[in-house]
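Chemist: sequence and predicted structure, then a few things I'm wondering about:
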Amino acid sequence: MSKSVSFLYQLARVANDIEKLSSGDPKRIARRAKNKYIGRKLVRKVWKFPF
């Protein structure tokens, strides 16, 4: 069950990327790229946080 849920979430993220790219609006594309970059950096820092 968890594999199918993970797949659906991944599919939704890809669909959102495609939607932003197909819009042709440079502001939306830049905002999506910026948020993905920040999110990845934030997750890496939190993941390394010692508990």
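Modeler: Thanks, I have the structure now. Just so it is clear, the structure is predicted and the values come from calculations on it, not from any experiment.
Chemist: quick one: list the elements packing against the helix or strand where residue 6 lies.
Modeler: Applying DSSP states H and E as the criterion places residue 6 in helix 2-23. Judged by 3 or more Cβ pairs under 8 Å, 6 or more residues apart in numbering; DSSP states H and E, the packing partners of helix 2-23 are helix 26-48. Placement of C-beta: from N, CA and C, glycine included.
Chemist: restrict the helix it packs on to CA atoms and write it as CSV.
Modeler: Written as CSV, here are the backbone C-alpha positions of helix 26-48 (Å, rounded to 0.1, in the frame of the first residue of the first chain):
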residue,chain,number,x,y,z
PRO,A,26,8.5,32.7,-16.3
LYS,A,27,7.5,33.8,-12.8
ARG,A,28,5.7,30.6,-12.0
ILE,A,29,8.5,28.5,-13.4
ALA,A,30,11.1,30.4,-11.4
ARG,A,31,9.0,30.2,-8.2
ARG,A,32,8.6,26.4,-8.6
ALA,A,33,12.4,25.9,-9.2
LYS,A,34,13.2,28.2,-6.2
ASN,A,35,10.8,26.3,-3.9
LYS,A,36,12.2,22.9,-5.0
TYR,A,37,15.7,24.1,-4.4
ILE,A,38,14.9,25.6,-0.9
GLY,A,39,13.0,22.5,0.1
ARG,A,40,15.8,20.2,-0.8
LYS,A,41,18.4,22.3,1.1
LEU,A,42,16.1,22.5,4.1
VAL,A,43,15.5,18.7,4.2
ARG,A,44,19.2,18.0,4.0
LYS,A,45,19.9,20.3,6.9
VAL,A,46,17.1,18.9,9.0
TRP,A,47,18.1,15.3,8.1
LYS,A,48,21.6,15.9,9.4
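Chemist: which other helices and strands contact that helix?
Modeler: Against helix 26-48 (3+ Cβ pairs under 8 Å, 6+ apart) you get helix 2-23.
Chemist: in the helix it packs on, which residues are buried?
Modeler: By neighbour count on 16 or more other Cβ atoms under 10 Å, the buried set for helix 2-23 is residue 20.
Chemist: per-residue confidence for residue 51?
Modeler: Looking at residue 51, its pLDDT is 61.
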